[in-house]
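In: Next come a sequence and a model predicted from it.
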Amino acid sequence: MNDSDRWILSFYRHSEISGALFFGRLARSFRPGPIQRDMTHHFADESQHARYWTQALEDMGGKPERVRQAYQDQYLDACGLPTNVMEVLAITRVFEARVIGQYQMHSRVPDLHPVIKGTIDRIMEDEKWHIEWVGKALKDMEKDYGADVVQSTVQRYKEADEDVYQKTIQEHADRLRDILRSRDVMP
Amino acid sequence: MIEADKVRATLADLANRPLERVTDDLAMTDLVADSFALVEIVIELQEELGVRLLRDHLSGVKTVGQFIGVVQEQSRGG
């Protein structure tokens, strides 16, 4: 496998681990109920995704490389750590949308290695449910927090995500061009 | 309104600290080892006491005493 593929798979792996740890810790804090149940399911999925990427790297003859900071950690740095359950779900909503977009884009690369394609396809099955349950839970929270507060919170995290995304593609433009086989790195 | 002692006892329990150490002047950041652990406690306390805290409520809160005050205020529906 080439260095760019090794880097992106390591990046995906690291982000899935970070997501699993984030949700796993928070799942301990929620009271019993649908959100605790679904957050527990969600972090279990994220840890499996990390396993899939680890296996993909091995199957392609590579090893994970060290990644300094997970993608989502950067917008926690920008927006601050969440203060309530609604903010946890807002971060999740934004991050999952980004993940889905990235995986969809990657899966469309011409002549994509079948191990990478197979791993993305497998993960995307779970991601559809992730977006669905979080979106529904956030909608339900509008009656408690107010629709304006929920929507402005999601917007705040979207803006942070866009900043982080732009910085990430600038920082890794060469690798991303190589991976996505395109002079236009990202849409 | 939730009693201050109840909030303090819940904090102490969640932070795994002796109650007598959770004083009003203790910095919230000194309750636990890292900032994410503090997030967990703040969220878990809301879940346990049925209080909703927004980011603005916690802006400027540094000490346990200030935090207890905010929780009491919000439990009153204010």
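Out: Right, received. Where do you want to start?
In: Please identify the helix or strand for the spatially most central residue of chain B.
Out: In chain B, the centroid-proximal residue (C-alpha atoms, centre = their mean) is residue B:67; its distance is 4.9 Å. Here residue B:67, judged by DSSP states H and E, is contained in helix B:64-75.
In: So which elements touch that helix?
Out: helix B:4-15, helix B:35-49, helix B:55-58 (3 or more C-beta pairs under 8 Å, 6 or more residues apart in numbering or on different chains; DSSP states H and E). Bear in mind the C-beta positions are built from the backbone N, C-alpha and C, glycine included.
In: Quick one: mean pLDDT over it.
Out: Helix B:64-75 comes out with an average pLDDT of 94.
In: How about stretch A:119-136?
Out: 96.
In: Show me which positions of that stretch end up buried.
Out: A:119-120, A:123, A:126-127, A:130, A:133-135 (16 or more other C-beta atoms under 10 Å in any protein chain shown).
In: coming back round to it: format the helices and strands packed on helix B:64-75 as TSV; extra columns: mean neighbour count, distance to residue A:140 and mean pLDDT.
Out: Below are the helices and strands packed on helix B:64-75 laid out as TSV (neighbours: other C-beta atoms under 10 Å in any protein chain shown; distance: least, C-beta to C-beta, whole Å; pLDDT from 0 to 100):
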stretch	mean neighbour count	distance to residue A:140	mean pLDDT
helix B:4-15	17	25	94
helix B:35-49	18	15	91
helix B:55-58	15	20	91
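In: quick one, which of these is nearest to chain A?
Out: helix B:35-49 (3.9 Å; C-beta to the nearest C-beta).
In: Which single one of the buried residues of stretch A:119-136 is nearest to residue A:24?
Out: Of all the buried residues of stretch A:119-136, residue A:24 sits closest to residue A:130, with 14.4 Å by C-beta to C-beta.
In: unless I'm mixing things up, that closest one is touching residue A:42, no?
Out: Yes. Using C-beta atoms under 8 Å, residue A:130 is in contact with residue A:42, at 5.8 Å.
In: Residue A:54 is in contact with residue A:13, isn't it?
Out: Yes. Contact criterion C-beta under 8 Å: residue A:54 and residue A:13 qualify, at 5.9 Å.
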